[in-house]
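# Give me the fold of what follows.
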Amino acid sequence: MAPFYQYMDTENFKLPHDDLQGIQKIYGPPDKVPQPTKPLPTAPPHRSQPPSDPRKPDRQTRPPRIPTGDKPSQPNAKPNICDGGFNTLAILRREMFVFK
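A predicted model of the protein is given here:
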């Protein structure tokens, strides 16, 4: 959740450089990710049962689930705060913050 004063498209949002510097000043630079090593060779597992028939699925397959409500239907439209459906709201420094 994040407060908003006005709606903005966040799909292609990039944090400004000075904000990145501020975060790194507080928390330090990002950790260097070690390069993965090659796994050691392993023997194939011993099967006590014969392999299943590949033509028969092991379990019933379901159609993919379509996500709901994550993106606004009109991405550039400002949300109408009169519609309700808020998670919470807060008044700080005499300003109202609405969380959806």
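
# Give me the residue ranges of the protein where confidence is low.
1-6, 47-60, 67-77, 79, 81 (pLDDT under 70).

# For it, which segments count as strands?
All strands of the chain, identified by DSSP state E, fall at 88-92, 95-99.

# Tell me the strands beside the first one, with direction?
In its sheet, strand 88-92 lies beside strand 95-99 (antiparallel), with partners assigned from DSSP bridges.

# May I see the buried residues of stretch 89-100?
By 16 or more other Cβ atoms under 10 Å, the buried positions in stretch 89-100 come out as K100. Heads up, the C-betas are built off the backbone N, CA and C, glycines and all.

# can you pull out the helices in the protein?
Here the chain has its helices, by DSSP state H, at 17-27.

# picking up where we left off before, and T37, which of the strands of the chain is closest to it?
Distance to T37, taken as Cβ to Cβ, is lowest for strand 95-99 among the strands of the chain, at 43.8 Å.
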